[in-house]
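# Got a sequence here, can you model it:
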Amino acid sequence: MKINNELRNLIPPLTPEEYENLENSITEDGCRDSIITWNDTIVDGHNRYDICLKNNIKFNTIKKEFDDINQVKLWMINNQNGRRNLTDGWKFELAQSKKAILILKGKENLKTNIGGGQRLSTVDKGKEHNTQKELAKGLGWSSGKVAQADVVWQNAPKEVKEEIKKGEKTFNEAYKNIKKEERLGKIKLQRAEIEKEVLEKPKGKYDVIVIDPPWRYDGDIYKAQKDNLPTYEPEGFRGTAPYPTMSLEEIKNIKLPVKDDCVLWLWTTNLFLLDMGALLENWGFEIKSILTWDKEHFGTGRWLRSQTEHCILAIKGKPFFNNTKWGTLIREKRTIHSKKPEIFYTMVDEICAGRKLDYFARNKRAGWDVYGDEVL
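Sure thing, here's the model as predicted:
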C-alpha cells in the first residue's frame, strides 16, 4: 500500500478531536469503511489506514480506476466537499485546486483537438470554472465573498491562510487587514511627500479657489501609528479619513496661488470652525459669509452626529462677485467620502468668474484646474 503525499496533503486534515473520535470508533467496532486505492496508492482513508496499522486492525480495500492522477484529485476534491465541518478556507482551497486541474485538462484537450483538426472554440472544458461567478455558484457563496477570498489567497501570508483553513480567522477579517495595510502604505508615502514638501503644486495664479483641506482628527491612522497610539479602524469607526491628513500648521503653510483679487471658498467641519479666522488671516483673506451644506444624511460624529458641513466665503482685494439668488444653505445628498455637492459648483460658477482652482479635489471638472490625491 503506497501513500502519495501530494494526494494526502490535498485533503483537509482531521482536527485532534475528530481523529480521536475516529480512532475510538475503529478500535471498538473495527474499520467499517473500506480504504480506496488507485494503483495501490491510497486515495481515500489515509487516517483509517494509519489507525489500523498502529492498532493492528484489519481493513478492506476497494480499487478504483482513474485515467490519471488529475482525475484522482478531482474525485478526492468532490468527495471532500461532502464533509459538513469543512471550513471556508478549505472549501476555497479545494475549489481553487479543482479550478486549476480543470483548466489544465482543458489546455490538454486544446492541444489534442488542435492536433486532430477540431475547432478552437469547442475545446476548453475548464473555461467555465475560471470565473468568480462559477466559483461562487459551486461554493454557495456570493460573488463578493469569492472576490474577497481571491484577494486574500493572492496576498495573505501562509500563516494567515492556515488560520482561515483552521477556522480561526474569516476571509472578511483577512481582507480588511490587507486593505488596511494597503491604505497605510499609501498614506505613509503621501505623508512623507507632505513632510518633505515635494508635492507638485498648482501652476499659475487664480481668481477663484475652492479648497477642502484634509483636516487631521484624533483618529487619524498615520498620526496614531507614528506616535505609537491606539488607532481607529476605518471599518470600525465612521470618522477615519482614508487619505493622508494634515495638521493645522501644515495647512497654514500651504502657499495658495492667488491673484491680488481672489475669491476663496474654504471647506471645513464643525470641529475646526473656530480655527478659520487665524487660518484665513494667515493666508491674507477676509471672511465674508458662511455657507452650510445640508447633506440630507445622518453621518459621523463623536458627540453629535453630523448632518452639515460648512464652507467659508472669503475674499482678497476686489474680486468679481455677482450673486442675485444664492443664500447660505444648500441641500444635496452626500456621496463618497469628502466629495462636495454638485450644486455647490453650480453656485460658484454662476457667482464667480476667472481662472478657477479646486484644491484637494476629488473630480475633474470642465472649466476648472484640479489638484488632489485621488482625482477621478
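# which stretches of the stretch 101-250 of the chain form strands?
Taking DSSP state E, counting those that start in this stretch as the criterion, the stretch 101-250 of the chain carries its strands at 206-211.
# what about the closest residue to residue 155 other than its chain neighbours, neighbour count?
Distances taken as C-beta to C-beta, 6 or more residues apart in numbering put residue 178 closest to residue 155, at 5.2 Å, once the chain neighbours are dropped. Using the backbone N, CA and C atoms, a C-beta is placed for each residue, glycine as well. For residue 178, the tally of surrounding residues (other C-beta atoms under 10 Å) stands at 17.
# In contact with residue 178, which residues are there?
By C-beta atoms under 8 Å, 6 or more residues apart in numbering, residue 178 lies in contact with 151-152, 155-156.
# what does residue 332 give?
Neighbouring residues of residue 332 by C-beta under 8 Å, 6+ apart: 293-296, 341-344.
# Any chance of those in CSV with secondary structure and neighbour count as columns?
Conversion of these to CSV gives the following (DSSP: H, G, I helix; E, B strand; the rest coil; neighbours: other C-beta atoms under 10 Å):
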residue, secondary structure, neighbour count
293, strand, 20
294, strand, 15
295, coil, 17
296, coil, 11
341, coil, 19
342, helix, 12
343, helix, 13
344, helix, 18
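# Quick check: which of those has the minimum pLDDT.
The pLDDT minimum for the contacts of residue 332 sits at residue 296, where the score is 89.
# quick one, what contacts residue 330?
With contacts defined as C-beta under 8 Å, 6+ apart, the neighbours of residue 330 are 291-294, 341, 343-344, 347.
# Also residue 145?
Per C-beta under 8 Å, 6+ apart, neighbours of residue 145: 136, 171-172.
# Quick check: PyMOL command selecting the buried ones in these.
Written as a PyMOL command, the selection of buried residues from the contacts of residue 145, which uses 16 or more other C-beta atoms under 10 Å, is:
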select buried, resi 136+171
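# By pLDDT, give me the weakest of the contacts of residue 145.
Looking at those, model confidence by pLDDT dips furthest at residue 136: 82.
# Okay, it and residue 148: tell me how far apart.
Plainly put, residue 136 is 11 Å away from residue 148 if you go by C-beta to C-beta, to the nearest Å.
# Same check on residue 181?
For residue 181, the distance to residue 148 equals 15 Å [C-beta to C-beta].
# Compare neighbour counts for these two and give me the winner.
Neighbours around residue 181 and residue 148, counted as other C-beta under 10 Å, are more numerous at residue 148. The numbers are 20 against 11.
# residue contacts, the more buried one?
Contacts of residue 148 were listed using C-beta under 8 Å, 6+ apart, and they are 171-172, 175.
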